[in-house]
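Novice: Next comes the sequence, and after it the predicted model I'd like to discuss.
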Amino acid sequence: MAKARAVYFCSACGFESPRWLGRCPQCDAWNSLDERRFNVAAKPARTARTATVPVGVPTPLHEIGSSAAARVLVGMPEFDAVLGGGIVPGSLTLVGGPPGAGKSTLMLQIAARLAQQGDVIYVCGEESGAQVKLRAERVLPSIDAARAGRGRADEGTSALSVCPETNLRAVLDALERRTPLAVVVDSIQTVWLPESEAYAGSATQIRDCTQALMDFSKRTGCATFIVGHVTKEGAIAGPRLLEHLVDTVLYFEGDSHGEHRILRAYKNRFGSVDEICVFRMHDTGLREVANPSELFLGARAQRPSGSCVVASIVGSRPVLVEIQALVGEAAYGTPRRLANNLDQQRLAMIIAVLERRAGFALGSHDVYASVAGGLRIVEPAADLGIALAIASSFRNVGISPEIAVFGEVGLSGEVRAVGTADRREAEARKLGYAQVLSPANTRDLAGAIRASVG
């Protein structure tokens, strides 16, 4: 018989507590715990003979075949590169991002492409089947053509099935009878397990549902995609254990209100991390951007002061980005140092090096630094570009549009070597930059400033 219980959960991070607390012990938010009542279904009685699951037998590594790990290509080159070369069968991928970033749109497009190779199940807990069909008619041309009578849905979209269900146990039972190539759960916060003593969206339900999906994926080889919500701070909602359970964590970065979307891999057991995929949002869905450097650089004209092009490495690919800086006299006693898409502590260190080693009196000036385009850069190779952008803005002298830079700035003012220098320089030359300031031809920060700013 079901019994009623009450639990208090934090609206900011999802922390659960059996009693009310004034301050959340997980995220330190005040007055964020709300009461939620729910009914708990009685667990079925277990017997000694119910354990029919076969016990795993240890197998020597050399006897395990690699054919089962052959990757499945989605057909979107940039997205396949983010995953490390395609989807690994039996993998569990978490896709997160702010509202309106395009998570559901991207998952529907990927499901339609995978449906050309096998059965795909799209579990929609937030939408009805008719709502998913309405969105599919917009982003999938074959569906729209079939509705207008100009043709019929192709074989790929006909292999895509929609399951508007929130009871994950019912979904898993249906998947056991028909093991698909891939399954998409949109979203993990809406599904629930009857045997879990919590309400849908709680940390307990999210953990248990993810564990059940992981067990099914590893046992059957079905690739699973999970869409996750984010909190007000931008982190994926639910326990941190969720990111440890999955194989890959993909996250939408940047401004979700603009035209472009940046998808970054924060964790990948089958490939390199920090890989990015840039999409352009159209009325017909998301379209890949083949050359992200052109997006982040903008127009190749004479740039104003405070702008510098940096040859960066994002994941495994070289990407040229534009770093902008603005230096002005402080209106109050304490100057401000603000960084957007840059490391705040790194910016403070570079300002100190400019003051001490290059003679820039920045102690009474506000300094603002940002990466144009919304891409976040945290590698030390951007130090030289940040320093030159600040020096250019301070002296109000523009840097030549034919110069690209990269290099790490040390505390003594030297420009230190960084990895993959040849790939960075090759990317800059390919995009038409005649001069590249690098640790190979620049020994100290003062010499780089004289060469670029004067």
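Specialist: Cool, got the structure.

Novice: Wait, a helix at residue 201?
Specialist: No: using DSSP: H, G, I helix; E, B strand; the rest coil, the assignment for residue 201 is coil, not a helix.

Novice: where's it relative to residue 192, distance?
Specialist: Residue 201 is 8 Å from residue 192, where distance means Cβ to Cβ, to the nearest Å. Every residue, glycine included, has its C-beta placed from N, CA and C.

Novice: the more surrounded of the two?
Specialist: residue 192 (23 against 20; other Cβ atoms under 10 Å).

Novice: Leaving aside the residues adjacent along the chain, what's closest to that one?
Specialist: Leaving out its chain neighbours, the residue that sits closest to residue 192 by Cβ to Cβ, 6 or more residues apart in numbering is residue 200, at 4.0 Å.

Novice: mind checking how far that neighbour is from residue 206?
Specialist: Applying Cβ to Cβ to residue 200 and residue 206 gives a distance of 9 Å.

Novice: Find residues that contact each of these two.
Specialist: residue 189 (Cβ atoms under 8 Å, 6 or more residues apart in numbering).

Novice: in the helix or strand harbouring residue 386, what counts as buried?
Specialist: Using DSSP states H and E, residue 386 maps to helix 383-395. Buried residues in helix 383-395, counted by 16 or more other Cβ atoms under 10 Å: 383-394.

Novice: just stretch 212-221 next, same as before
Specialist: 212-214, 216-217, 220.

Novice: again with stretch 413-423
Specialist: Across stretch 413-423, burial judged by 16+ other Cβ under 10 Å covers 413-415, 418, 421.

Novice: nearest to residue 225, of those?
Specialist: Nearest to residue 225 among these, counting by Cβ to Cβ, is residue 418 at 35.0 Å.

Novice: Now the closest one: closest residue in space, sequence neighbours ignored.
Specialist: residue 381 (4.2 Å).

Novice: Please apply the same query to residue 388.
Specialist: Spatial nearest neighbour of residue 388, excluding adjacent residues (Cβ to Cβ, 6+ apart): residue 308 at 4.6 Å.

Novice: Assess the claim that the one you found and residue 389 are in contact.
Specialist: Yes: under the criterion of Cβ atoms under 8 Å, residue 308 makes contact with residue 389 at 4.2 Å.

Novice: Can you check which residues contact both of these two?
Specialist: What both residue 308 and residue 389 touch, as defined by Cβ under 8 Å, 6+ apart, is the set 323, 325, 399.

Novice: in the stretch 1-150 of the chain, what spans have low per-residue confidence?
Specialist: 1-5, 12, 14, 37-56, 66-69, 142-150 (pLDDT under 70).

Novice: How are the strands of it distributed by residue range?
Specialist: Under the criterion DSSP state E, counting those that start in this stretch, strands of the stretch 1-150 of the chain are mapped to 3-10, 16-17, 33-40, 92-96, 120-124.
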